[in-house]
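Visitor: pasting a predicted model and its sequence here:
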Amino acid sequence: MSADALPDVIVIGAMKCATSAVHAYLDAHPDIAMSRLKELNFFNGPEVAPHDDPQSWWRTGQWHRGLDWYASQFDPDAPVRGESSPAYTAPDSVEAAGRMASVVPGVRLVYLVRDPVERAVSQYAHHRRDGTERRSLREAVLDPGSQYLARSRYHERLAPYLALFDRGQVLVVVQERLLHRRDREIARIYEHAGVDPRWRHERHARRVHVGATEAAPAAADVADVADLRGEVLARVGDDVERLRGVLGDDIPEWSR
């Protein structure tokens, strides 16, 4: 395994914050080759194979596959290689940051954030669509044992990476800005990845699955979102303030 074949940039989340879009925008650049498969989930998971179905190992993490397998997922001839795995900032992926720092200490990280209430609702809709969530919106999102709130605590999820990587290696992108000021945000991402930020492609004009294509919650749930907002913010507001402090950015898009 050659270190030259490992990724230079990794999108580490957050879930339902436009990671698929950013993966596509990065891959469109002629100097960047993203992994063919999104969500390699290499840096999380057990040390040994959890079962004998390799096709579903990505669900629990693929660290047990080893570095040779990981390197094989990238084009060794590409100037810049990358991958996107939101699971690296999942609340139960506590091992991911340390493993990543030991394998690719110079990697550039991209972390996407979104209005924390809308992100939680989008995740809920995602799970309703795939059949893994049957509770009401309020019951599910406010359940302290679920990940809806935890994944919207962005500073908490990012903290292990800020502790192990230089601050300049971590780019935080606000999803609302990617939607409404796309060219500027894509240029920031390209610059962070170390490629020409002025390059443009027709793909940039497309809205590529930015977290709003899931089946919508039931009408009764939609009616609850406004009331739910205050309850969610009461639980994640302290984390939002810490994120604003780290970024030196008030993120006015989230102030309603």
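Guide: Perfect, thanks for sending it.
Visitor: low-confidence stretches in this structure?
Guide: 1-4, 205-224, 256 (pLDDT under 70).
Visitor: which ones are touching the residue sitting nearest the centre point of it?
Guide: Geometric centre of the chain, nearest residue: Gly13, 1.1 Å, by C-alpha atoms, centre = their mean. Contacts here follow C-beta atoms under 8 Å, 6 or more residues apart in numbering; on that basis Gly13 touches Thr19, Ser85, Pro86, Ala87, Tyr88, Thr89, Ala90, Tyr111, Leu112, Arg151, Arg157. Where C-beta positions appear, they are placed from N, C-alpha and C, glycine not excepted.
Visitor: which residues touch the fifth one?
Guide: Think Tyr88. Ile10, Ile12, Gly13, Asn41, Phe43, Asn44, Ala96, Ala97, Met100.
Visitor: closest to Val236 out of those residues?
Guide: Gly13 (15.3 Å; C-beta to C-beta).
Visitor: quick check on that closest one: phi, psi?
Guide: Note on Gly13: its backbone torsions stand at phi 130, psi -160 [degrees, to the nearest 10].
Visitor: distance of it from Val113?
Guide: 9 Å (C-beta to C-beta, to the nearest Å).
Visitor: next one: Thr19
Guide: Using C-beta to C-beta, Thr19 is found at 11 Å from Val113.
Visitor: what do you get for Arg151?
Guide: 11 Å.
Visitor: mutual contacts of these two, please.
Guide: Ala14, Arg119.
Visitor: still on that earlier bit, now, the contacts of Gly13 that are in helices?
Guide: Using DSSP state H, the subset of the contacts of Gly13 located in helices is Thr19, Arg151, Arg157.
Visitor: looking at those, which is nearest Arg177?
Guide: Using C-beta to C-beta, the ones in helices among the contacts of Gly13 come closest to Arg177 at Thr19, 15.1 Å.
Visitor: which residues touch that closest one?
Guide: For Thr19, the contact set (C-beta under 8 Å, 6+ apart) comprises Val11, Gly13, Lys38, Ser84, Pro86, Leu112.
Visitor: could you do His192 as well?
Guide: By C-beta under 8 Å, 6+ apart, the contact set of His192 is Val9, Arg108, Val110, Leu171.
Visitor: please repeat the previous calculation with a cut-off of 7 Å.
Guide: Arg108, Val110, Leu171 (C-beta atoms under 7 Å, 6 or more residues apart in numbering).
Visitor: how about Leu149?
Guide: Ala120, Val141, Val232, Arg235, Val236.
Visitor: who's in contact with Val174?
Guide: Val174 makes contact with Val113, Ile251, Glu253, according to C-beta under 7 Å, 6+ apart.
Visitor: can I get the residues you listed in TSV with distance to Glu176?
Guide: Listed next are the contacts of Val174 as TSV, based on distance: C-beta to C-beta, whole Å:
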residue	distance to Glu176
Val113	9
Ile251	9
Glu253	4
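Visitor: closest to Ile32 out of those?
Guide: Closest to Ile32, out of all of the contacts of Val174 and judged by C-beta to C-beta, is Val113, at 22.0 Å.
Visitor: perfect, I'm done here.
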